[in-house]
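Q: With the sequence up front, the predicted model follows.
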Amino acid sequence: MKITGIELIPLTMYFKSVIEESFGTVGKREDDVIVRIHTDEGITGLGEGPTLGPYYSGESQETVMGIIAHHLFPKVLEGKDPFDIDPIHFQMEKVVYRNTVAKAAIDWALHDIMGKALNVPLYKLLGGKFTDEIPLRGSVGIDTPEKMAGNAKRLTDEGFKAIKMKVGLEPIIDVDRVKAIRTAVPADIIINIDVNGAYAPKDAIWMLQHVSECVPITVEQPVRRDDLEGLALVRRCVNVPIGACESALTLPEVSRVIQNGAADFFNFKIDRSGGFYPGKIAVKMIEAAGLFVIASEQLGFGIEVAGQAHFAVATQGMKWPGGYAAGLIGMAGRLDTVGFDGDIVDNSPVVKNGKLRVPEGAGLGVQLVEEKWRRYLTPGKEVIRLGRVV
């Protein structure tokens, strides 16, 4: 089997509700790229490249499409066997520095092809599943303490197993925000405090010392992504788990966080970290260091949510409640036992009792539908087709 062509489909989604974060508003408009790789045996594979914008990941819809079209497809993929996943990743690293969202979209599509060729679900290629479903957490954007508490209570009443709350603009008021949510939700609900790197180290220490009684809590990226010394200082000075997120987009960055003793856990996104292949390596590195992983996603369509589900059920370290379905829930307001009727795929992932079920079927288990994705086509842009596509 050989790769003959590729399609790059630019899509734009507008969420029904948005999330206010310390670096801006998420969900007002999110640009995405769907990747479909074609082979000489007629088997195609799907990947997805959501970026959350150039500030967050350093990539955009334009860079993902440009890097793949001008470099990764012609210099690495064309004519290659999609099963040669290790050599392909090796070559991608030689041709393009970073750009891990673009590489992840390719990695996902290659794995989808392999699963379809072997007629097995993707989770079997990733080690086999240890569970059929994974717990979800709900996200609460920055607002008044009262409104954030109300939103958190609504989410836990709907079955979410944890709350991810955004903070970072006002440390003093953030203390009230955390305490309000802790009072509003059941005592066993984990509160993940996500700062998105907005605090100075001393502000982070002060704030976290004032909410340390609100356990169980975890704290994600309290300081700037490139300040590993500050991240390590916060970890030493507070008695709650400190996590790296934006500080660890690549395997070398994960290694540096571990070497600096800068985190207790990693908020890990396989769709921005190169894909399933390096994702498995990263999780094993983290676990070998005695640390743990909390997973989330980049706010995409059903391709991305399906991929997250496959990776999670096949990776025992991904037991903490994750944010895998946040994109679909935010866009539609509904993702439930009959799926998401605004999705771009058939066999859309479903949620039951606050848990995401892994799709069954070969590969990712979802099928792209043109009349569905066409309604999201980015204004002013068209599909890019390279090589020979069926």
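A: Thanks, I have the structure now.

Q: so what does the helix or strand where Glu20 lies touch, helix or strand wise?
A: Using DSSP states H and E, Glu20 maps to strand 19-21. Packing partners of strand 19-21 (3 or more C-beta pairs under 8 Å, 6 or more residues apart in numbering; DSSP states H and E): strand 24-26, strand 162-166. (Each C-beta comes from the backbone N, C-alpha and C, glycine too.)

Q: hmm, try it at 10 Å
A: strand 24-26, strand 137-140, strand 162-166 (3 or more C-beta pairs under 10 Å, 6 or more residues apart in numbering; DSSP states H and E).

Q: mean confidence for it?
A: Strand 19-21 shows a mean pLDDT of 87.

Q: Please give the centre-to-centre distance between it and its chain.
A: 16 Å (C-alpha atoms, centre = their mean, to the nearest Å).

Q: Show me what it is in contact with.
A: Residues outside strand 19-21 that contact it (C-beta atoms under 10 Å, 6 or more residues apart in numbering) are 25-28, 52, 56, 139-143, 148, 164, 166-169, 194-196, 198, 299, 326, 330.

Q: ok, of the residues you listed, which come out buried?
A: By neighbour count, with 16 or more other C-beta atoms under 10 Å, the contacts of strand 19-21 hold 26-27, 52, 56, 139-143, 148, 164, 166-168, 194-196, 198, 299, 326, 330 as buried.

Q: Provide the secondary structure category for the closest residue to Tyr376 other than its chain neighbours.
A: Nearest non-adjacent residue to Tyr376, counting by C-beta to C-beta, 6 or more residues apart in numbering: Leu11, 4.2 Å away. At Leu11 the chain is in strand, as set by DSSP: H, G, I helix; E, B strand; the rest coil.

Q: related to what we said a few turns ago, quickly run through the sheet partners of the strand holding Glu20, with directions.
A: Looking at strand 19-21 with DSSP bridges, its partner strands are strand 24-26 (antiparallel).

Q: average pLDDT for the partner strand?
A: The average of the pLDDT scores along strand 24-26 is 83.

Q: before we move on, what about stretch 294-312?
A: Stretch 294-312 comes out at a mean pLDDT of 89.

Q: and the longest helix that the chain contains, which residues are buried?
A: When the chain is parsed with DSSP state H, its longest helix is helix 100-118. Within helix 100-118, the residues scored as buried using 16+ other C-beta under 10 Å are 100-117.

Q: and if you look at stretch 128-148?
A: 129, 133-143, 145, 148.

Q: Which two of the residues you listed have the greatest separation?
A: Maximum pairwise distance among the buried residues of stretch 128-148 (C-beta to C-beta): 39.8 Å, between Lys129 and Pro145.

Q: if we can go back for a sec, let's have the helices and strands packed on strand 19-21 in a markdown table, adding distance to Pro186.
A: Shown next, in a markdown table, are the helices and strands packed on strand 19-21 (distance: least, C-beta to C-beta, whole Å):
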| stretch | distance to Pro186 |
| --- | --- |
| strand 24-26 | 26 |
| strand 137-140 | 13 |
| strand 162-166 | 10 |
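
Q: so which of these comes closest to Phe266?
A: Across the helices and strands packed on strand 19-21, Phe266 has its closest neighbour in strand 162-166 (14.7 Å, C-beta to C-beta).

Q: Could I get the average pLDDT for that closest one?
A: The average pLDDT for strand 162-166 rounds to 94.

Q: Which neighbouring elements make contact with it?
A: Secondary-structure packing of strand 162-166 (3+ C-beta pairs under 10 Å, 6+ apart): strand 19-21, strand 137-140, helix 145-157, helix 171-184, strand 190-194, strand 217-220.

Q: what about those, which gets the closest to Val313?
A: Among these, the nearest to Val313 by C-beta to C-beta is strand 137-140 (16.5 Å).

Q: can you give me the offset of the closest one from its chain's centre?
A: 14 Å.

Q: What strands line up against it, and which way round?
A: Paired neighbours of strand 137-140 in the sheet (DSSP bridges): strand 162-166 (parallel).

Q: what's the angle from the strand it pairs with to helix 145-157?
A: 150 degrees (axes from the mean of the first three to the mean of the last three C-alpha atoms, to 10 degrees).

Q: and the angle for strand 162-166 with strand 190-194?
A: Using the same axes, to 10 degrees: strand 162-166 against strand 190-194 is 20 degrees.

Q: Now do strand 162-166 against helix 171-184, angle only.
A: Here strand 162-166 points in a direction 160 degrees away from that of helix 171-184 (the same axes, to 10 degrees).

Q: quick thing: my sequence starts at 892, can you match it?
A: Done: numbering now begins at 892, and the last item shifts to strand 1053-1057.
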